[in-house]
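Chemist: 3D model of this:
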Amino acid sequence: MTKGAVGQLTKVMAVEWAADNIQVNCIVPGFIGTPLIKPLMVDEKKEKWIRNRIPARRLGKTEELVGVRYFIIIKCIFLHHWSEFYC
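Modeler: Predicted coordinates:
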């Protein structure tokens with residue numbers, strides 16, 4: 001599933017479930033330095049295009065997403081007093 005599809009699915013689920021007081025969140029990062037993007041970064045032209053689309057001019061790191069993930073999880077647990085959390 002693409003990032004665009006995840007974003008749209010999240011919006012639809014949020015609207016559909018809002019009446020039941022269910023909040024829907026997602027994390028849809030930009031370009032992250034993973035093995036999946038390595039082939040694109042080999043080509044100098046593609047690498048330049050990618051970096052120019054990123055305000056920080058660098059790829060994100062997977063560890064930079066941890067704080068966002070924990071923020072969402074902790075918010076859900078404390079606001080809704082959940083004993084279980086499903087990802």
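
Chemist: Please report how far P39 lies from W17.
Modeler: The spacing between P39 and W17, counted by CB to CB, to the nearest Å, is 38 Å. In this view, the C-beta of every residue, glycine as well, is placed from N, C-alpha and C.

Chemist: of the two, who's got more company?
Modeler: Under the neighbour definition other CB atoms under 10 Å, P39 and W17 were set side by side, and W17 has more, 12 against 9.

Chemist: residues in contact with that one?
Modeler: 23-24 (CB atoms under 8 Å, 6 or more residues apart in numbering).

Chemist: moving C-terminal of the helix or strand containing it, what's the next helix or strand?
Modeler: In this structure, W17 sits in helix 3-17 according to DSSP states H and E. Next helix or strand after helix 3-17 toward the C-terminus (DSSP H and E): helix 38-42.

Chemist: what comes up buried for the helix or strand following that next one?
Modeler: Toward the C-terminal end, the helix or strand that comes next after helix 38-42 (DSSP H and E) is helix 44-52. Neighbour-count burial for helix 44-52, counted by 16 or more other CB atoms under 10 Å, picks out I50.

Chemist: Could I get the average pLDDT for helix 44-52?
Modeler: Mean pLDDT, helix 44-52: 93.

Chemist: other SSEs contacting it?
Modeler: Secondary-structure packing of helix 44-52 (3 or more CB pairs under 8 Å, 6 or more residues apart in numbering; DSSP states H and E): helix 38-42.

Chemist: Point out the other helices and strands that the helix it packs on packs with.
Modeler: helix 44-52.
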